[in-house]
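**Q** Test case, fold it:
(one chain, ligands or ions: 1)
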Amino acid sequence: MTPSAVQINRCCLVGNPRLYPEGVTHETLDAAAAPLPAEAIDAIERAATSAHRSAHPHEALFSERAANIKQSAVRDVFDISLRPGLVSLAGGSPYLQSLPLERLAATAANIIAKDGLTALQYGGGQGTEELRTQICEVMAAEGIVDALPQNVVITAGSQSAQDVATKVFCNPGDVVLVENPTYVGALNTFEAYQVEVATVEMDDDGLVPELLEARIAALQTAGKSVKLLYTIPNFNNPSGITLAAERRQQIVDICRKANILVLEDNPYGLLRYKGRPLAPLRAANPADVIYLGSFSKIFAPGLRIGWALVPEHLQRRYYLASESVTLCPPALNQMLVSAYLRDYDWKGQIETYRGLYAERCAAMLAALETHMPAGASWTSPEGGFFVWVTLPEGVDTYPLLKQAIDAGVVFIPGAAFTPSDQPSNKLRLAFSAVPPAAIGEGVRRLAGVLRESLAAL
Ligand SMILES: Cc1ncc(COP(=O)(O)O)c(C=O)c1O
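**A** The predicted structure is shown next:
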């Protein structure tokens, strides 16, 4: 494919300005007119074919584990999305523009000037006591009021906390249960540890307890060793669905009965903009749930600071495994997060984020209502970053990605969020990093592509 094949036709855009709503600037149009760079074209091709392998003899040296790790379509799309001019509804990046950057810069400089010998030195493997204590306060705002700093392990983002949990509990061939759909980064982790991933369906209220119970029974009857239930109960990535209050205890009870640990991933929990807050699964179940948290969505993902709150009796193994990966979490970043939690209005910043994401979510839902073809449906999240669109049976959203890029919009095809290789009629749209006018424009472009594909069914 040549760059021109995915080039956006500027003449059409400029020739008919009425096609474009307010907020789409000349800059956007100019940027949209430029061809994609060669590496982005390559990435699209790779994402589409998933077969971009060289035959270097060193390939014979790969571990089975590494050979299992798939090319991530999401990473490819993420790279493409950085191209100015495309409306990216793909990446779930937080919108950092409202952070007090100059003040943060001064704080970071101050930390290095005053405590540089600590900030730039190795630190403890579990993370600083100050930050672990503050993390307990952050979790209290979520409804976990009994957390102790000694049971918190600070990690390089919650991605790393998932990795450590899998490493500590799973042998190759063990089973991890996940919601269908689920976070692609977790799927990649499970794949890397050669874990079998078993999906459990959700409805509008999240994971269905009866289906979970039946799935566990079937797997255990088949002699499988089921170790973990990985769940994102609040504003699931990618579906935006929230697990209903009345199901939460039921889910933990089912797992406890079957001796399965719950791995609760909650990076979006504080970003609720509708409905009432729900207590995390961990709140009433300190012995049965490993709780994963992160500063990526409520502060800044570039700092790579997340954590695990681990049941007391599992803490030592977990901490040792974490230490063996990173030696220690980055001291400077931990000190900056500590200063942020101590000296800044972090709860006020979360309020700002909530208002911002609520507005963007509303813009996306309104645009979907206006533009989507008949037969499409979508979720209506109460928080977080994502809307999940379902198209009629028979549509495969993966090949549509190329056409969408041609039309100037990027999304993530639904197949990325399940372990199966089956085509999917779903897709994920992220609204977090896109201003409302551009969301409207992106959905409009996407709707055109979908309409064509439905007409061809
Ligand atoms: C559900 C979920 N878990 C974990 C992560 C990774 O978070 P972190 O940046 O803390 O590694 C993400 C990031 O998008 C996510 O959506």
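
**Q** Just give the nearest non-adjacent residue to Trp378, would you?
**A** Nearest non-adjacent residue to Trp378, counting by CB to CB, 6 or more residues apart in numbering: Val389, 4.6 Å away. (Each C-beta comes from the backbone N, C-alpha and C, glycine too.)

**Q** Was I right to think the one you found contacts Leu368?
**A** Yes: between Val389 and Leu368 there is a contact under CB atoms under 8 Å: 7.3 Å.

**Q** Need the overlap of contacts for the two.
**A** Common neighbours of Val389 and Leu368, counting by CB atoms under 8 Å, 6 or more residues apart in numbering, are 376, 378.

**Q** element containing Arg428?
**A** Using DSSP states H and E, the element containing Arg428 is strand 426-430.

**Q** Could you export that strand as CSV, CA atoms only?
**A** Extracted in CSV, the C-alpha atoms of strand 426-430 (Å, rounded to 0.1, in the frame of the first residue of the first chain):
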residue,chain,number,x,y,z
LYS,A,426,-17.6,-4.7,18.0
LEU,A,427,-15.3,-1.8,18.3
ARG,A,428,-13.9,0.4,21.0
LEU,A,429,-14.1,4.2,20.9
ALA,A,430,-12.1,6.3,23.4
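
**Q** Name the surrounding residues that touch that strand.
**A** Contacts with strand 426-430, where a contact means CB under 8 Å, 6+ apart, come from 88-93, 181, 238-239, 364, 378, 385-391, 397, 400, 411-414, 416-417, 443, 446.

**Q** mind listing which of those residues are in strands?
**A** Filtering those for membership in strands, criterion DSSP state E, returns 88, 378, 386-390, 412-413.

**Q** For the longest helix anywhere in the chain, name the packing helices and strands.
**A** Ranked by residue count and defined by DSSP state H, the top helix of the chain is helix 346-371. Helix 346-371 sits against strand 386-390, helix 436-455, with contacts defined as 3 or more CB pairs under 8 Å, 6 or more residues apart in numbering; DSSP states H and E.

**Q** The same query, at a cut-off of 7 Å, please.
**A** Judged by 3 or more CB pairs under 7 Å, 6 or more residues apart in numbering; DSSP states H and E, helix 346-371 is in contact with helix 436-455.

**Q** now the helix it packs on against strand 426-430, angle please.
**A** Helix 436-455 and strand 426-430 meet at an angle of 170 degrees, taking axes from the mean of the first three to the mean of the last three CA atoms, to 10 degrees as the criterion.

**Q** what's the neighbour count on Pro301?
**A** 18 (other CB atoms under 10 Å).

**Q** my read: it touches Tyr95, true?
**A** No: between Pro301 and Tyr95 there is no contact under CB atoms under 7 Å: 11.4 Å.

**Q** on that earlier part again, what's the per-residue pLDDT of the residue nearest to Trp378 here?
**A** Listed pLDDT for Val389 reads 98.

**Q** Just list the residues touching it, thanks.
**A** 376, 378, 426-427, 429 (CB atoms under 7 Å, 6 or more residues apart in numbering).

**Q** How far off centre is the strand holding Arg428?
**A** Centre-to-centre, strand 426-430 and its host chain are 12 Å apart (CA atoms, centre = their mean, to the nearest Å).

**Q** And for stretch 146-160?
**A** Chain-centre distance of stretch 146-160: 18 Å, with CA atoms, centre = their mean.

**Q** Name the residues of that stretch that come out as buried.
**A** Buried residues in stretch 146-160, counted by 16 or more other CB atoms under 10 Å: 147, 149, 151-160.

**Q** rounded to a whole number, what's the mean pLDDT of it?
**A** For stretch 146-160, the mean per-residue pLDDT is 98.

**Q** do the same with stretch 232-244
**A** Taken as a whole, stretch 232-244 carries a mean pLDDT of 98.

**Q** give the contact list for the nearest residue to Val395 once chain neighbours are set aside.
**A** Counting by CB to CB, 6+ apart, Val395 lies nearest to Asn425, which is 4.6 Å off, once chain neighbours are set aside. Contacts for Asn425 (CB under 7 Å, 6+ apart) come out as 390-393, 395-397, 414.

**Q** What of Trp307?
**A** Neighbouring residues of Trp307 by CB under 7 Å, 6+ apart: 135, 152-155, 161, 293.

**Q** Same list (these) but as JSON lines, adding distance to Ser324 and secondary structure.
**A** Below are those laid out as JSON lines (distance: CB to CB, whole Å; DSSP: H, G, I helix; E, B strand; the rest coil):
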{"residue": "Ile135", "distance to Ser324": "21", "secondary structure": "helix"}
{"residue": "Val152", "distance to Ser324": "18", "secondary structure": "strand"}
{"residue": "Val153", "distance to Ser324": "12", "secondary structure": "strand"}
{"residue": "Ile154", "distance to Ser324": "15", "secondary structure": "strand"}
{"residue": "Thr155", "distance to Ser324": "12", "secondary structure": "strand"}
{"residue": "Ala161", "distance to Ser324": "14", "secondary structure": "helix"}
{"residue": "Gly293", "distance to Ser324": "21", "secondary structure": "strand"}
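
**Q** Include distance to Phe190 when you put these into TSV, please.
**A** Supplementary listing: those in TSV, determined by distance: CB to CB, whole Å:
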residue	distance to Phe190
Ile135	25
Val152	24
Val153	20
Ile154	23
Thr155	17
Ala161	14
Gly293	20
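
**Q** Of the residues you listed, which is the nearest to Thr128?
**A** Among these, Ile154 lies closest to Thr128 (CB to CB), at 7.5 Å.

**Q** Mind listing the residues bridging to that closest one?
**A** Beta-bridge partners for Ile154, by DSSP bridges, are Trp307.

**Q** Run a quick neighbour tally on the residue of the stretch 301-450 of the chain at minimum distance from the ligand.
**A** Ranked by CB to the nearest ligand atom, the top residue of the stretch 301-450 of the chain for proximity to the ligand is Gly306, at 3.9 Å. Residues near Gly306, counting by other CB under 10 Å, number 25.

**Q** neighbour-wise, which of the ones in strands among the contacts of strand 426-430 leads?
**A** Comparing the ones in strands among the contacts of strand 426-430 by number of neighbours (other CB under 10 Å), Ile412 comes first, having 28 neighbours.

**Q** Nearest spatial neighbour of that one, chain-adjacent residues omitted?
**A** Leaving aside its chain neighbours, Ile412 sits nearest to Arg428 (4.5 Å; criterion: CB to CB, 6+ apart).
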